[in-house]
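Q: Generate coordinates for the sequence data below:
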Amino acid sequence: MKEDNRAAWAGPLARWLAAPGVTDVLVHAPGHAWVDRGAGLERVEVELGSADAVRALAVRLAAAGGRRLDDASPVADARLPDGTRLHAVLPPIVPGCAAISLRVVRQRALGLDDLVRSGAIDAGVRRVLEALVASRASLLITGATGSGKSTLMAALLSLADPRERIVIIEEAGEIAPAHPHLVRLVERRPNVEGAGEVGLARLVREALRMRPDRVVLGECRGAEIKDVLAAFNTGHPGSMTTLHANAPGDVPVRLATLGALAGMPERAVEAQTAAAFDAILHVERTATGRVLAAVSLPTRATGSLEVRIALRRTPTGAMSAGPAYAELARGLGWGVA
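A: Reported below is the predicted structural model:
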């Protein structure tokens, strides 16, 4: 989208939405904003006028995304015309001034070359990632908010065989791999009358009827875990999803919690997870940028779901072999290193 078109609905924030490297633009006061260019949030001066002007901007942004934002509906999520994700909250839910959160959607997927140059991965890990995609391993990508889960997923999907059909299911259309055969399904939220919702769980089921080679869920965050595990266990190798988790060891508890929302017994979640995913890739956000921090393998060798580390990033930035590295190498056909 051209800068002048974006300015029509983003106003003084358009400059920052178009700035190279910016992933987030946040506003909660009239005189400034906070932007993230990859090294954490930094304050920048933006002339937004008064609190009333910030409110008007929030309302205009929501309208640009086809959402209602007013006293009767003071919170809005929307996808803006250029793909940017909007979350906006009006007073009195947020005191004093409207809060605007904008997540910029990358128009070009980063490749593994880009991730190597940025320091997110090294050459050795790149070889592992390429082998995982080529062997059609099913992957769970974990990390905290803003840690780079979607970026890594898009880079990996860009490696898939061009003849493969990839069906991507998302809350908002963020993941844009460089791949010629993509089908994108985007969740639809209910309208103001509470009707018309098409949720992620239904979209996962619909995706299975579309002859996919790989099924991809942008983020697993609720009861759709039941459908995801079922899909990944029924003949769709090479599928991927992401999950919010602060560390690889937190994955079993996070999955059990989501499974409870879907009425699944914990043992069933553990058994299906171990069968569904070949590897877990954990990403973290550091002071120097986003990095792949660990490659792990899910297992139920002891009866409960465990996450065993195969590769872990050291404080120096190098990747060192963990207890499960030999198993990872064998799974990739490399033999025991």
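
Q: neighbours around Leu332, how many?
A: Leu332 has 18 neighbouring residues, counting by other CB atoms under 10 Å. (Each C-beta comes from the backbone N, C-alpha and C, glycine too.)

Q: Which element, helix or strand, includes the nearest residue to it once chain neighbours are set aside?
A: Closest residue in space to Leu332, ignoring its immediate chain neighbours: Ala131 at 4.5 Å, by CB to CB, 6 or more residues apart in numbering. Remark: Ala131 resides in helix 123-134, with elements defined by DSSP states H and E.

Q: How far does that helix sit from its chain's centre?
A: Relative to the mean C-alpha coordinate of its chain, helix 123-134 is positioned 20 Å out (CA atoms, centre = their mean, to the nearest Å).

Q: Show me what the longest helix belonging to the chain is packed against.
A: Ordering each helix of the chain by length in residues (DSSP state H) puts helix 51-64 first. Counting contacts by 3 or more CB pairs under 8 Å, 6 or more residues apart in numbering; DSSP states H and E, helix 51-64 is packed against helix 3-10, strand 24-29, strand 75-79, strand 85-89, strand 99-103.

Q: Show residues contacting it.
A: Around helix 51-64, the neighbours that count as contacts under CB atoms under 8 Å, 6 or more residues apart in numbering are 9-11, 13, 27, 29-30, 48, 68-70, 76, 78, 80-81, 86, 88-91, 96-98, 100, 102.

Q: pLDDT of that helix, averaged?
A: Regarding helix 51-64, the rounded mean pLDDT is 93.

Q: can you check stretch 36-43 too?
A: For stretch 36-43, the mean confidence score works out to 83.

Q: Can you list the buried residues in the longest helix of the chain?
A: For helix 51-64, burial by neighbour count (16 or more other CB atoms under 10 Å) applies to Ala53, Val54, Arg55, Leu57, Ala58, Val59, Leu61, Ala62, Ala64.

Q: do stretch 242-259 as well
A: Along stretch 242-259, these residues count as buried under the neighbour rule (16+ other CB under 10 Å): Thr242, Leu243, His244, Ala245, Pro248, Val251, Pro252, Arg254, Leu255, Ala256, Leu258, Gly259.

Q: show me the contacts for the last one.
A: Counting by CB under 8 Å, 6+ apart, Gly259 makes contact with Ile225, Lys226, Pro265, Glu266, Ala268, Val269.

Q: Now render those as a markdown table, adding distance to Leu182 and pLDDT.
A: Rendered in a markdown table, the data for those read as follows (distance: CB to CB, whole Å; pLDDT from 0 to 100):
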| residue | distance to Leu182 | pLDDT |
| --- | --- | --- |
| Ile225 | 23 | 92 |
| Lys226 | 25 | 92 |
| Pro265 | 35 | 94 |
| Glu266 | 35 | 93 |
| Ala268 | 32 | 93 |
| Val269 | 29 | 94 |
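
Q: Where neighbours are concerned, which of those residues has the most?
A: Using other CB under 10 Å as the contact criterion, the top neighbour count among the contacts of Gly259 goes to Ile225, which has 29 neighbours.
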